[in-house]
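Undergrad: structure for this input, please:
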Amino acid sequence: MLDKMEKFLKTNKSLNIASSSYNNPNLSKCSYVSEGTVLFIAGEQNSPLIEQIRFNPKVEIIVSDGETTLQYAGRAKIVNDYPNQEKLIGDLTKKDNLERKGIFSVDLVQIVPTDITVVQWNYYQEFKENKPSILKDFIYSIIKTLKIWAKGIRLPFISVTVLAVVVGTSVAYYEDKSFDWLIFLLAVIGIIAFNAYVDLMNDFFDHLSGNDEVNEKLTPFSGGSRMIQNKLFSTARTLAGAIVSFLITLGIGLYINFTVAGNIVLYIGIGGAFIGIFYVGKPINLAKFGFAEIAIFISLGPVAVFGAYYIQQEKFSWTPIYVSIIVGLLIALVLFVNQFPDYEADKESGRRNFVVLAGRKISSMVFIIFLSLTYVILIIFVILQILPYLSLIALASLLFAVKAMITTRKHYDNYLAMIPAQAMTILTTLAFTILLAISLFVTAAVW
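TA: Numbers count the residues shown, from 1 in each chain. Predicted structure coming up:
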């Protein structure tokens, strides 16, 4: 009977496959190639089918010739080094009219069966060797859940904003050589939760406005997380994640506010909530009216840096305010450079950020001016002794900044060629802020 089933799979050429993520089903019809009971299909990267398989390998397949229906439960995985992989991808791509779209090519997926049923033959076969143990499956599901939420909240980008807290804390240590680890860790968790809240709300409202749906010029750094579009999250789950993130931020903020003197943290929290809700949310929609860059500069510059300083020192000082100008500019420029690839989609959906309003050519010059300005400000602050001489080590980040500026000037209207500029801007921000923080900690420790 197994031979008969394998022959049936070999004879037929297409299947219907169901994948899912958090009970968000996706149905696809595609061609396949069989090797015994193992099936191979191809799919475009960044499609719901491929993205769901990345996080949930369990699939259900139907193969039918009109008279006989084979029900196939299996586990799928994307393979990168399978023998004859290029030929398999080429054949399947041609049959299903698949194509490379920008940075996204076509993946080969291998599917092994866990159960196969053919009712017409009164046939059932279980493949225990392809089923992981309960413990292994449980651990795997936890890891995949963490990965999918990390993708949803764009965790790699949050590292940039965490450094605003690190810099604010380093200024506090530089001034008074005091450091509260608990308050620092709570501040880090709080800003991570706040950014998760902002990013999830951004995805939620961009979905409602249609911005992410019309955006086809995607890069690893722009175009949104695509969690809703790829059916990894439902709209409701995205909103729920944002609400939970906000509640975490609120809880930490209230605790810190009652721990330190005054209500500065409370005021910062109110301002942050306003920006988070109305960054792309109605009725204000800061991004739609050209205030996105200013909102990011304020919230992740003066607010975050001074806030981190204040909860350590519980007093006012101009130094963290001055330093926050540099941090705010750098983080705002990360947002700014990511707007170049999103230009058409933002324009079509009515988002009037600076790049849309001024155009990409003028914006490229503005980007260069402000990125250069951060280094000028750094040197001025060192000359004025606001920052120690050791802070000049942050100039080493110019290696990344120059690359970002040259690329932006040359390729501002080519979204694929702008990817290095996006990457270099993030590296510039990370390198600059890390080196700046190190210089403050080291100076305070040595002198």
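Undergrad: CA atoms for contacts and neighbours, from now on please.
TA: OK.
Undergrad: now for Ser64: which residues touch it?
TA: Neighbouring residues of Ser64 by Cα atoms under 8 Å, 6 or more residues apart in numbering: 12, 15, 70.
Undergrad: counting contacts, what elements does the helix or strand hosting Ser324 pack onto?
TA: Assigned by DSSP states H and E, Ser324 belongs to helix 318-338. When contacts are defined as 3 or more Cα pairs under 8 Å, 6 or more residues apart in numbering; DSSP states H and E, helix 318-338 sits against helix 155-176, helix 292-298, helix 304-313, helix 360-383, helix 419-446.
Undergrad: what does the third one contact?
TA: Surrounding helix 304-313, the residues in contact under the criterion Cα under 8 Å, 6+ apart are 164-172, 176, 178-180, 183-184, 187, 256, 260, 264-265, 268, 316, 320-321, 323-324, 327.
Undergrad: 6 Å - rerun?
TA: 164-165, 168-169, 172, 320, 324 (Cα atoms under 6 Å, 6 or more residues apart in numbering).
Undergrad: what's the answer for stretch 29-48, then?
TA: 6, 10, 13-16, 104-112, 230-231.
Undergrad: show me what counts as buried in it.
TA: By neighbour count on 16 or more other Cα atoms under 10 Å, the buried set for stretch 29-48 is 30-34, 37, 39-46, 48.
Undergrad: do stretch 125-136 as well
TA: Neighbour-count burial for stretch 125-136, counted by 16+ other Cα under 10 Å, picks out Lys131.
Undergrad: contacts for that stretch, please.
TA: Stretch 125-136 has contacts (Cα under 6 Å, 6+ apart) with 114-116.
Undergrad: and it, C-alpha only, in CSV?
TA: Output in CSV follows, covering the C-alpha atoms of stretch 125-136 (Å, rounded to 0.1, in the frame of the first residue of the first chain):
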residue,chain,number,x,y,z
GLN,A,125,0.1,5.5,7.9
GLU,A,126,1.8,7.2,10.9
PHE,A,127,5.5,8.2,10.5
LYS,A,128,6.7,8.3,14.1
GLU,A,129,10.3,8.9,13.1
ASN,A,130,9.3,12.4,11.8
LYS,A,131,7.5,13.4,14.9
PRO,A,132,9.5,15.2,17.6
SER,A,133,9.2,14.2,21.3
ILE,A,134,6.6,16.2,23.3
LEU,A,135,9.4,17.9,25.2
LYS,A,136,11.4,18.8,22.1
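Undergrad: how many residues are close by Ala358?
TA: By the criterion of other Cα atoms under 10 Å, Ala358 has 13 neighbours.
Undergrad: can you list the domains in the protein?
TA: Listed by automatic domain parsing, the domain ranges of the chain are 2-127, 154-446.
Undergrad: dump these into a markdown table; add mean pLDDT and distance to Lys144 as well.
TA: Shown next, in a markdown table, are those (pLDDT from 0 to 100; distance: least, Cα to Cα, whole Å):
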| stretch | mean pLDDT | distance to Lys144 |
| --- | --- | --- |
| domain 2-127 | 93 | 6 |
| domain 154-446 | 89 | 12 |
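Undergrad: tell me which of these sits most buried.
TA: Of all the domains of the chain, domain 154-446 has the most neighbours on average by mean count of other Cα atoms under 10 Å, namely a mean of 20.
Undergrad: so Gln229, which of the three states?
TA: Under DSSP: H, G, I helix; E, B strand; the rest coil, the three-state class of Gln229 is coil.
Undergrad: ok, now which ones touch it?
TA: Listed by Cα under 6 Å, 6+ apart, Gln229 has no contact partners.
Undergrad: the one 4 residues further on now?
TA: Contacts for Phe233 (Cα under 6 Å, 6+ apart) come out as Met227.
Undergrad: that one looks like it's in a helix, true?
TA: No: according to three-state DSSP, Phe233 belongs to no helix; its state is coil.
Undergrad: for it, give me phi and psi.
TA: Backbone torsions for Phe233, taken as degrees, to the nearest 10, come to phi -120, psi 150.
Undergrad: and the one helix or strand Ile89 maps to, how far from the chain's centre?
TA: Counting by DSSP H and E, the element that carries Ile89 is helix 85-96. Between the centre of helix 85-96 and the centre of its chain there are 30 Å (Cα atoms, centre = their mean, to the nearest Å).
Undergrad: quick revisit: mind putting the contacts of helix 304-313 in CSV, distance to Lys131 included?
TA: Listed next are these as CSV, based on distance: Cα to Cα, whole Å:
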residue, distance to Lys131
Ala164, 46
Val165, 45
Gly168, 50
Thr169, 49
Ala172, 54
Pro320, 56
Ser324, 53
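Undergrad: out of those residues, which comes closest to Pro220?
TA: Ala164 (22.7 Å; Cα to Cα).
Undergrad: distance of the closest one relative to Phe367?
TA: Separation of Ala164 from Phe367 (Cα to Cα, to the nearest Å) stands at 20 Å.
Undergrad: could you measure from Gln52 over to Ser141?
TA: Distance, Gln52 to Ser141, by Cα to Cα: 13 Å.
Undergrad: which residue packs closest to Gly190, ignoring adjacent ones?
TA: Thr249 (4.9 Å; Cα to Cα, 6 or more residues apart in numbering).
Undergrad: show the contacting residues for the one you found.
TA: Neighbours of Thr249 in contact, by Cα under 6 Å, 6+ apart: 190, 193-194.
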